Structure formats: structure tokens, C-alpha cells
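J.: Sequence unavailable; structure follows:
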């Protein structure tokens, strides 16, 4: 059994002028990150870009070559500013073809309201794989290592259990956290030393704003729970219990 | 008077493992986007990257060469995972030096609690400019076209009025929006035509999830209000008032 499997890497390409002009606040990145972390996939990079075929194509081409998995968010509807699928096809140098399966689903969903514009949504890059499961009938489009997800947060979020099921190969990341009454300036030397002594653990230090008892939240991430526990114990021992605030006892 | 000044471009580099592991949801990008849009600065690109000097250096070096302005968020505290300033210095090939002004401010703020770790926060790349104003005493660090901003949302947001004041040269973007009862499949041909007929206007189409009266929100952005109004009027005339829901009358 490999005890320290090399984690798969991932990137996200978040597409939409609305995010870059401040009309909409992205919530998909954190939902994706929360879905990938527990199944041991390391999200290394996120790019937000505008609704431009050539920009998306270039970004995607680079991301897909440098990461095991890529997830796009947005730009998959029926209007002129929905250009993601066209850009994915261009990034892989493939033509667009009609997916008969998606066309049938669109016919079922839209019935009489199925316009030519909606039918554009059945266009996929050649060689696309449709990922489904018994519990997720509407397919997610996968082209090699790229998953094309919708931007609407309510639908994006519904896709994630399917993605997890599809990509879970038993790898895990573990994270534990503790709050402290100390401030970052006091903690810094200790955290620096622990980061050196526990290279397999990623230690994060996040100051809190406001008047709550927690001044800094310290997190310990690793692929093995034992590693997390070792670093956490070393931290707890060094700080002393009176200055620690276990998660759940502090303000939210 | 130039009626269509070429908008300045901007990019943001958002630094932090906590965002990529889903521990924290970013709110700084939308705050920055909302600050830049009204002063006519086009945010073209956002990258989220981990707390790694070499990754930040490379990203920053690329972004600063391809955009008029770059804003970093995060990684500026006193702990081992705060490596942004070091990476900015590396991107510009400059040494770190102590800013006497920041050191004096740190002494005032922290007094007896001023540790050696906090003093790291007075280190800046050589040639740094400290941006201040009578109403914003704590300086924002600017290195050529790069602004180094803190990641903590409460502090990030407080920096934005100063940034706006500092960068406002009278350029503007204007955005107007209207809701409709029509769905995207019906609207798509009209929106495609308007996008072609009004190339100076960026038209966005955003479906709404849920049961409210607004099925799609349509936005019109341009540097000139007259351009926005022309495109908006063409849209309103084509749709008919009975299917429009002015902003403010719909659900939030």
C-alpha cells in the first residue's frame, strides 16, 4: 500500500465578465476546493478570465498540460457570451459535434421551448465523454482531463458529488485546526520551526479580525492523519492548553 | 477630450493555500473588481496561487508585464507562509530593504508586542513607493505597477478607497441592467444581434435560479453612457415593456 501517494493536481478556469466587473461574486472556487481536498486532489491554480474564445483556449491549453485535472466554470449557456465549449474544442484542436444524448435530454427538458439557441448546448468537442451515474442523470462533459461545469452556483454545486464519485481513488487529505489567543508575531518563530521539522505537513496561520477569543487559527494539512496529529501535538505542547481554543468552542 | 480612452488593464494575484484547500472563500476579488470598474480600469485576469515564492514570482512577473496594474492579495503577515513581499522583490530582481516609515508605524501599533517576526513586515523591495493620503495613514506598498494588499478582507476593503483615489484619472465604465421574464433560449438571437450591432458595448446575459419573476438579467457595459443607453433602448424595444422587470422591482 503506498502510504504517501503523489497527490493528483488540479486547476480551475473560471470564465465570466460578470466576475471581473464585480457584478457577481464567485462562490464556485471554494465549493470545488472543498470537494477536491477530501479526495486527495491538490487544487494548485485558479484563473478567472473573460468570455473570449482565444483567451480561454490559451489558458485551458496551458492548464491542461500542467495539471492532472482541469475544471471550467461558466460560459456554457445558449447566448453569444457562452463560448467555453468552442474554446475547449479549440484547445484540443477538435471539431464540435452534436451529442445525441444531450440533445435528447434538452428535448425532454425544454419540450416546445427548445429553440435553436438551446440546441447549441448539445454541441460538444469530438471525443467527449459524458460522465453520469444512477443518481446524476444529467451528464457532465469531460474532454480528456478537462471537466466542463456550468457557472450557475446552484447547478455547479450539484455536479460536485458526481465529480467526487468519479474521481475518488481512495487518496485523502486530512486537515485539523486549532485557535489560539496568541497573536501571529508571537507564534511566528514556533510555526517556522514546526514547518521545518514537519515538511510533510502544510501549516497555515490565519489571523482573525474582531473581538473574539481566537486571535489566530492554525491549520495542519497532510496526506496522513498521523502526520497531522504529530505536528498538531507539537504545536499544542509548545503553546500550552490555556492559550488554545479548540474548534467548536470559539465563535463561528 | 478623448471620448473613448483606451481603458487601463489590471490583474489580481490572490495568494493563499487556504483558498485552494477550501478553508476560506475569497471575497477580495469582487471587492477589487467593484472598486476598479467605476474608475474605468479593466480587470482582465485573476490568478489564485499557493504560498510559494517561486510560483508567485513567476506569476507576478508575467502579470506585471502584460497589464497596466497588478494587485496582490495575501501573504504579507509575519509567519513562515507569508512570502509575497519576498516574491515581489524577486519578480523585480530587487533586494529587500527596511522601510523606516513602516517600522515606525509598526512600533506605534505594536509597542511592547513588537517582535522580530512583526519587524519582517517592514521589509519591502528596494524602490518601493508608499501610497498614502491624509485619510489613509497606513501606507499601501506600491512597486512600479504592482500594489501589495493584505489578504484579510476587512483590511483589504479599507485599502480600496485609497487605491481608487490614487488611480482615478477620470475614466469611467458605465453599466446598466434589466431583468426579463423571457428565458435565455428565446433571448439568444436578439442578444447576439445586439452584440454585433453595438460592438462598443459588452452585453452579458445571466440566468437566475429559482422562482422569482426575473428569468434572465441582461447587462450593458461601456465607457460611454450614451452607448449603454442606445443598446439598452434597442433591447427594451425588441422585448416589449410587459416582459421587462426594471432593477429594484425584482427580488434582490
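T.: Alright, I've got the coordinates. As the structure is a prediction and not an experimental result, all values here were calculated from the model. Residues are numbered from 1 along each chain as shown, chains lettered A, B, ... in the order given.
J.: give me the low-pLDDT residue ranges for the stretch 151-252 of chain A?
T.: By pLDDT under 70, the weakly predicted segments of the stretch 151-252 of chain A are A:248-252.
J.: For chain B, give me its nearest residue in it.
T.: The nearest approach of the stretch 151-252 of chain A to chain B comes at residue A:188, 3.3 Å away (C-beta to the nearest C-beta). Heads up, the C-betas are built off the backbone N, CA and C, glycines and all.
J.: Which secondary structure state does that residue sit in?
T.: Put simply, residue A:188 is helix when judged by DSSP: H, G, I helix; E, B strand; the rest coil.
J.: That one touches residue B:80, doesn't it?
T.: Yes. Contact criterion C-beta atoms under 8 Å: residue A:188 and residue B:80 qualify, at 7.1 Å.
J.: Which one's more surrounded, these two?
T.: The neighbour comparison of residue A:188 against residue B:80 (other C-beta atoms under 10 Å in any protein chain shown) goes to residue A:188, with 24 against 21.
J.: quick one: contacts for that one?
T.: A:205, B:78-80, B:115, B:117-118, B:120 (C-beta atoms under 8 Å, 6 or more residues apart in numbering or on different chains).
J.: From residue B:121, how far out is it?
T.: Going from residue A:188 to residue B:121 by C-beta to C-beta, to the nearest Å gives 10 Å.
J.: For these two, list the residues in contact with both.
T.: Counting by C-beta under 8 Å, 6+ apart, the shared contacts of residue A:188 and residue B:121 are residue B:78.
J.: which non-adjacent residue is nearest the residue of the stretch 151-252 of chain A closest to chain B?
T.: The shortest distance from residue A:188 to any non-neighbouring residue, by C-beta to C-beta, 6 or more residues apart in numbering or on different chains, is to residue B:117 (3.3 Å).
J.: which stretches of the stretch 1-150 of chain A have low pLDDT?
T.: Along the stretch 1-150 of chain A, the parts satisfying pLDDT under 70 run over A:1-5.
J.: What are the boundaries of the helices in it?
T.: Remark: helices assigned in the stretch 1-150 of chain A by DSSP state H, counting those that start in this stretch are A:17-20, A:28-36, A:53-66, A:84-91, A:100-110, A:116-119.
J.: so, in contact with chain B or not, stretch A:232-239?
T.: No. On the criterion C-beta under 8 Å from any C-beta of the partner chain, stretch A:232-239 is out of touch with chain B, staying 12.6 Å away.
J.: Show me what that stretch is in contact with.
T.: Contacts for stretch A:232-239 (C-beta under 8 Å, 6+ apart): A:176, A:178, A:180, A:182, A:187, A:190-191, A:194, A:197-198, A:218, A:220, A:244.
J.: Mark which of those are part of strands, please.
T.: Applying DSSP state E to those, the entries found in strands are A:176, A:178, A:180, A:218, A:220, A:244.
J.: Export those residues to CSV and append columns for neighbour count and distance to chain B.
T.: Shown next, in CSV, are the ones in strands among the contacts of stretch A:232-239 (neighbours: other C-beta atoms under 10 Å in any protein chain shown; distance: C-beta to the nearest C-beta, whole Å):
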residue, neighbour count, distance to chain B
A:176, 16, 11
A:178, 19, 13
A:180, 24, 12
A:218, 27, 9
A:220, 24, 12
A:244, 17, 17
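J.: Got phi/psi on the nearest residue to residue A:155 once chain neighbours are set aside?
T.: Leaving aside its sequence neighbours, residue A:155 sits nearest to residue B:209 (C-beta to C-beta, 6+ apart; 7.5 Å). Dihedral angles of residue B:209 (phi, psi; degrees, to the nearest 10) stand at phi -90, psi 140.
J.: So what would you say the end-to-end distance of stretch A:163-171 is?
T.: This stretch, stretch A:163-171, spans 14 Å end to end (C-alpha to C-alpha, to the nearest Å).
J.: Any residue of that stretch touching chain B?
T.: No. Judged by C-beta under 8 Å from any C-beta, stretch A:163-171 stays clear of chain B, getting no closer than 12.7 Å.
J.: Residue numbers of the stretch 151-252 of chain A in contact with chain B?
T.: A:152-155, A:173, A:175, A:177, A:183-189, A:191-192, A:195, A:202-207, A:209, A:219, A:221.
J.: Filter the residues you listed down to the buried ones, PyMOL style.
T.: The buried residues among these can be selected in PyMOL (16 or more other C-beta atoms under 10 Å in any protein chain shown) with this line:
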select buried, chain A and resi 152+153+173+175+183+184+185+186+187+188+191+192+195+202+203+204+205+206+207+219+221
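J.: Could you measure from the nearest residue to residue A:213 once chain neighbours are set aside over to residue A:182?
T.: Nearest non-adjacent residue to residue A:213, counting by C-beta to C-beta, 6+ apart: residue A:245, 5.6 Å away. Remark: distance between residue A:245 and residue A:182 (C-beta to C-beta) = 10 Å.
J.: just residue A:9 next, same as before
T.: According to C-beta to C-beta, residue A:9 stands 34 Å off from residue A:182.
J.: Alright, calling it a day.
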